[in-house]
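J.: Next one to model:
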Amino acid sequence: QERLWKDAVAQQKEMSEILDQHQVEQMTEKEEGDGMDVDEPFEQEIQSSIQTFQISISRIETMLQNTLGLIKESDKIRSDIYFAYRRDHQFRGLMDTKNPKKLVATFMDLMNEDD
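T.: From the prediction side, this is the model:
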């Protein structure tokens, strides 16, 4: 059991030395790469701008698809209404067109009713 404790303490020392060495390496990399750290905020800003741009493009695309759908629906409804109008409101001629006196009298009666 004592031997296991000694092994555990030795492993702990090794791990702490490795950790210390890694921290020292990171510190030296930061000191050497100060110029690179300056670019990092710009990269983050660029990535943020790209993401915002992609979101805007997606919203515009969705709105255009919705608009196109509404235009197609409008064209269909307009076509249906036009054909219904043409079918239901056809001019079939006037009654009594063979009797012009009666036709004039009918128009005169209609004019007098409006007054």
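J.: all contacts plus neighbour counts: C-alpha atoms, from now on.
T.: Fine.
J.: low-scoring pLDDT stretches of this structure, where are they?
T.: 1-2, 5, 27, 29-39, 90-97, 114-115 (pLDDT under 70).
J.: Helices of this structure, residue ranges please.
T.: 2-32, 34-88, 100-114 (DSSP state H).
J.: can you redo these as CSV with mean neighbour count?
T.: Output for these, formatted as CSV (neighbours: other C-alpha atoms under 10 Å):
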stretch, mean neighbour count
helix 2-32, 11
helix 34-88, 12
helix 100-114, 11
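J.: check contacts around the residue positioned nearest the centre of the chain.
T.: When C-alpha atoms, centre = their mean is applied to the chain, the residue found nearest the centroid is R59 (2.2 Å). Contact analysis of R59 by C-alpha atoms under 8 Å, 6 or more residues apart in numbering lists nothing.
J.: and the gap between it and E17?
T.: R59 is 53 Å from E17, where distance means C-alpha to C-alpha, to the nearest Å.
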